[in-house]
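Enquirer: sequence plus predicted model, see below.
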Amino acid sequence: MKNVNALLGMLLLSLSATIYADPIVIKFSHVVAASTPKGKASEFFAKRAAELTKDKVKVEVYPNSALYKDKEEMEALQIGAVQMLAPSLAKFGPLGVKEFEVFDFPFIFDDTADLHKVTQGPIGASLLAKLEPRKIKGLAFWDNGFKSFSANTVIKTPADLKGKKMRIQSSKVLEEEIRSLGGLPQVIAFGEVYQSLSTGVVDGTENPISNFYSQKMHEVQKHLTLTNHGYLGYAVIVNKSFWEALPADVRGQLEQAMKEATIYANKIAQDENDSALEGVKKSGKTTVYAPTKEERMAFKKALAPVHGKMADRVGSDLLQSIYKETGYDPSKM
Ligand code: LMR
């Protein structure tokens, strides 16, 4: 008990020191390159936060796992070592908020318009509210894009991933996705993916192209197939006590900066992925294959059972409410 009190005391002290410091510093840690949609949006937020608060707030952005890797960054946020993160929605399971893994269901969104009905509407807001008991406040959803499979062998049919060790993020739904294709899922921190691919710890992976290209995975993966089979995006989150202890006017200005950064993030994401794809093609190191409609449908069918198997993990009601928004019909698979 004594230790807990001492720890709480230290935390409160560091919290008030951060808040009343001049300027107030917000450490924003993330794991991707500065050139990606998330990297650019976090810099945009930092700039607008400085402008709107007239330099009362300084947002320090640490990209590329420079401060923390996937798991560590969640812990760092909870203890107040950093104030802001934007982890991928696939990484909230270990925190106990399994519902976020609904975004990992294969083919659940046909396109960004479908997705935004969920992330920018009441379902998104109710998902962010689930973070509060974890001492985390969810501020926004930022897009990256749709994922494609890569490996060192050709991928045209679901059977082409059979027996392959595939790197995934820490999501049970993604684990089931790879198993449904006969592959072997391996959870690996994002910062270690390039090395794991280059040393053969895993054979392949799935990514939006912006991540694939900016981490130079095209140097270590010979084939990329544009399956667009699932979504990868982010929840921007802050340490709740820190956020609530901010002076109200400053918090309002930061909310405005976040609103603008969210519009910016979701506007640039597709273009960033398109230009990353051009980069991969130009490199000549990875063969990019665009599957036919029929080939893509074969992946959709092969991955449909993931929905039934994992419904309980995210909650059937939540899943049904998303189907209602997007029109995904499991009975037609
Ligand atoms: C991944 O681990 O593949 C992604 O979550 C990285 C990211 O933040 O986009």
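Expert: Cool, got the structure.
Enquirer: what sits against the nearest residue to Arg134 once chain neighbours are set aside?
Expert: Closest residue to Arg134 apart from its sequence neighbours, by Cβ to Cβ, 6 or more residues apart in numbering: Leu95 at 5.8 Å. Heads up, the C-betas are built off the backbone N, CA and C, glycines and all. When contacts are counted by Cβ atoms under 8 Å, 6 or more residues apart in numbering, Leu95 touches 74, 131, 134, 136.
Enquirer: strands of the stretch 51-200 of the chain, start to end?
Expert: For the stretch 51-200 of the chain, the strands defined by DSSP state E, counting those that start in this stretch cover 57-62, 84-85, 136-151, 165-168, 184-187.
Enquirer: and the stretch 201-333 of the chain, by the same measure?
Expert: Using DSSP E, counting those that start in this stretch, strands in the stretch 201-333 of the chain cover 204-207, 223-239, 287-289.
Enquirer: show the end-to-end separation of stretch 92-103, please.
Expert: Start-to-end span of stretch 92-103 (Cα to Cα, to the nearest Å) is 11 Å.
Enquirer: wait, does it contact the ligand?
Expert: No - using Cβ under 6 Å from any ligand atom, stretch 92-103 never reaches the ligand; the gap is at least 11.0 Å.
Enquirer: may I see the buried residues of that stretch?
Expert: Of the residues in stretch 92-103, 92-93, 95, 97-103 count as buried by neighbour count, 16 or more other Cβ atoms under 10 Å.
Enquirer: likewise stretch 56-76?
Expert: Here stretch 56-76 shows 56-59, 61-65, 67-68, 70, 73-74, 76 as buried, counting by 16+ other Cβ under 10 Å.
Enquirer: what do you get for stretch 167-180?
Expert: Under the neighbour-count criterion of 16+ other Cβ under 10 Å, stretch 167-180 has 167-178, 180 buried.
Enquirer: tell me the mean pLDDT for that stretch?
Expert: In this model, stretch 167-180 has an average pLDDT of 98.
Enquirer: which residues sit against that stretch?
Expert: 70-71, 88, 90-91, 93-94, 98, 101-102, 104-106, 161, 166, 184-188, 190, 193, 196-197, 202, 204-206, 230, 302-303, 305-306, 309-310, 313-314.
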